[in-house]
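*Asks:* with the sequence up front, the predicted model follows.
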Amino acid sequence: MRKRFGTMLPDICRSLFRRPATGDYPFVAAVTPERLRGRLEWDPAACTGCGLCAMDCPASALAVAVLDRKARRFVLQYHLDRCIFCGQCVVSCRQGCLRMTGTPWELAALTRETFVTYFGDPTDVEQVLAVKPEEDPGTPG
Amino acid sequence: MTDNTAQGFTVPIGPQHPALKEPGHFQFTVDGEIVTRAYVRLGYAHRGIEKAAEARSWTQNLYLLERVCGICSHIHALAYSLAVEQLAGVEAPPRAQAIRVLVAELERIHSHFLWMGVSAHEAGFDTLFMYSWRDRETVMDLLEGLTGNRVNYSANLLGGVKFDLQAAQADSIRRGLDFLEQRTRHYLDVVSNDAMFLQRTRGIGVMTRAQAEVMGAVGPTARASNVGRDLRVEAPYAAYRDFPVRMALDERGDLEARFEVRIRELFESFRLIRQILDDLPPGELGVRLPRRIPAGEAVVRLEAPRGEVYYFVKSNGGDRPERLKVRTPTICNLTSVVRLAVGHQLADVPMILAGIDPCFSCNDRLVQLYQEETGEGRSMSWKDLRQYGIDFYARRQA
């Protein structure tokens, strides 16, 4: 084919009569895909406190405190700011207690404390906080 | 600009420079506008990933290594998974392998579109940059819909993949590919026929087949010089045995050829993805691997969007690797930039560099030692290096 000028001009002309390619967020809520990996959720019903989720987490975002294994009293500490949303914990959990939710996906906050979530019975959480207020799984290696 | 009259002017570029968003230092000695000598210095984005991998479990490393590259993250996780599976003596089921290839090809489309935009930007053709990046959003949305993440997809598991492919996702991928294919046809026309753009690409940075072989070029950079080197064809891995690929070759060896080869590869990726969607094998998505991997060594080579990725993994039978070595394609192709820049105008250098689709953070696993006074390279024995470290920290503490 012969060399020619302005090969992208038709694109530019068409764009003049089109809506912008960018979305109207934050005025219009962005639609998230069904499978979006967002904030973690824990269902305590089947949890055995095995701790595989915390062991496999590559970002040290999880810690399991076992208060009473027989009575199934566990507290799951979740650091949202460390979570890399890989979903490994969901796969590692053999009881299917964990899942990642796409909503809400706007997870920004002004303080770091907001990002630490304690899943579990409120009394158990209080007990864990009283015993280990500074507990931090740290980063591997 | 450094005035060094004995050797001409030396123009230092980087490590922070406007052309690329990653750090790398270049020194070009010029005679007028013509480059007479080129030098590259790496090591600004050394992250110690290989050493960090020795302190993490086999599973945790999957996500660490995914972060070797922000663009071709999947291929790194795949290479590591295949190496660990090789050590454990297991193979992921056919359906998992096909999904791995599907994500790898979507990633290739993403990478090539991104590269097309960056290269066009280097040439001052920002219209192509903007439109190709707009279209890249389509494939990123497809990846997000399929895997749940836009960049680090985390699709792999040791022994398989995390998710299955549903009919709804297959339909959206087909629709997305139809749009991307139509756009890619247009971009092929633009890079092959736009008179202004061709002035920046035709006959620039010509690398002959012999040069490409001597310099160890890999990936589309080598294939644009008619070197038939594509691991998907030469040594098929994962599901490439069942879904064969046709290699895109060009014998011109210039920047135009590198554009055309990558764009022709996009068509091949579209075809391959459609074939996988039509003939996805049934079955399981993964097999279980033990927490301790049997002792041994494994080598895996895969074809990333930029070329050959090499993984060496050594296990001592424990719950974490004893040694891990990664080599990415940019380090192989950088030699060609330094050699090809000589004889070209300084203004062509950013395009020649962009022509190999460089990724600096990916390849930064080396430290160069050089003498400050002369700029010449030097070497240190392990004992000397250890002593240097002890002295360095002693000085710092004092």
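*Replies:* Arrived safely, thanks for sending. Predicted model, so just to flag it, every value in this text is computed and none were measured.

*Asks:* and the residue sitting furthest away from the middle of chain A, how far from chain B?
*Replies:* Distance from the C-alpha centroid of chain A peaks at A:Arg2, with 53.1 Å (C-alpha atoms, centre = their mean). Plainly put, A:Arg2 is 7 Å away from chain B if you go by C-beta to the nearest C-beta, to the nearest Å. Where C-beta positions appear, they are placed from N, C-alpha and C, glycine not excepted.

*Asks:* would you list the phi and psi of the nearest residue in space to that residue that is not next to it in sequence?
*Replies:* Nearest-residue entry for A:Arg2: B:Asn193, 7.3 Å, with adjacent residues in sequence omitted and distances by C-beta to C-beta, 6 or more residues apart in numbering or on different chains. Torsion angles at B:Asn193 (phi, psi; degrees, to the nearest 10) stand at phi -130, psi -10.

*Asks:* B:Val11 too?
*Replies:* According to degrees, to the nearest 10, B:Val11 has phi -100, psi 110.

*Asks:* wait, isn't it in contact with B:Asp31?
*Replies:* No. At 11.5 Å, B:Val11 and B:Asp31 do not qualify as touching, with contact defined as C-beta atoms under 8 Å.

*Asks:* burial count for the residue in the stretch 1-150 of chain B positioned nearest to chain A?
*Replies:* In the stretch 1-150 of chain B, no residue comes nearer to chain A than B:Ala55, which is 2.7 Å away by C-beta to the nearest C-beta. Neighbour count for B:Ala55, taken as other C-beta atoms under 10 Å in any protein chain shown: 14.

*Asks:* what stretches of the chain score poorly on pLDDT?
*Replies:* You didn't pick a chain, so chain A it is. Along chain A, segments meeting pLDDT under 70 span A:1, A:132-141.

*Asks:* please go with chain B instead
*Replies:* Using pLDDT under 70, chain B drops low at B:1-7, B:18-19, B:372.

*Asks:* got the domain boundaries for it?
*Replies:* Structural domains annotated on chain B: B:2-44+B:362-397, B:49-332, as defined by automatic domain parsing.

*Asks:* so what does A:Thr117 have for phi and psi?
*Replies:* According to degrees, to the nearest 10, A:Thr117 has phi -110, psi 140.

*Asks:* contacting residues around it?
*Replies:* Neighbouring residues of A:Thr117 by C-beta atoms under 8 Å, 6 or more residues apart in numbering or on different chains: A:77-78, A:80.

*Asks:* related to what we said a few turns ago, what about the residue farthest from the centre of chain A, distance to A:Phe119?
*Replies:* Noted for A:Arg2: a distance of 67 Å to A:Phe119, by C-beta to C-beta, to the nearest Å.

*Asks:* I figured A:Phe85 hits A:Gly38, correct?
*Replies:* Yes. In this structure, A:Phe85 is within contact of A:Gly38 by C-beta under 8 Å, at 6.8 Å.

*Asks:* which neighbours do those two share?
*Replies:* Joint contacts of A:Phe85 and A:Gly38 (C-beta under 8 Å, 6+ apart) are A:Met100.

*Asks:* center of chain B - which residue?
*Replies:* So for chain B, C-alpha atoms, centre = their mean, it's B:Arg306, sitting 3.9 Å from the centre.

*Asks:* neighbouring contacts of stretch B:36-54?
*Replies:* Taking C-beta under 8 Å, 6+ apart as the rule, stretch B:36-54 contacts A:141, B:7-8, B:15, B:22-30, B:61, B:64-65, B:67-68, B:320-326, B:334, B:337-339, B:341-342, B:349, B:360-361, B:363-368.

*Asks:* pull out the buried members of those.
*Replies:* Among the contacts of stretch B:36-54, those classed as buried by 16 or more other C-beta atoms under 10 Å in any protein chain shown are B:8, B:15, B:22-30, B:61, B:64-65, B:67-68, B:320-321, B:324, B:326, B:334, B:337-339, B:341, B:349, B:360-361, B:363-365.

*Asks:* give me every residue that touches B:His110.
*Replies:* Per C-beta under 8 Å, 6+ apart, neighbours of B:His110: B:71, B:136, B:139-140, B:143.

*Asks:* hang on, I meant B:Gly89
*Replies:* B:Pro294.

*Asks:* how close does it sit to B:Arg241?
*Replies:* 19 Å.

*Asks:* now, which of the contacts of A:Thr117 sits nearest B:Ala354?
*Replies:* A:Leu80 (37.7 Å; C-beta to C-beta).

*Asks:* what's the burial count for that closest one?
*Replies:* A:Leu80, neighbours per other C-beta under 10 Å, totals 17.

*Asks:* show which residues not belonging to the top helix by length along chain A make contact with it.
*Replies:* Counting by DSSP state H, the longest helix found in chain A is helix A:122-131. For helix A:122-131, the external contacting residues (C-beta under 8 Å, 6+ apart) are A:65, A:67, A:73-75, A:77, A:118, A:120, A:135.
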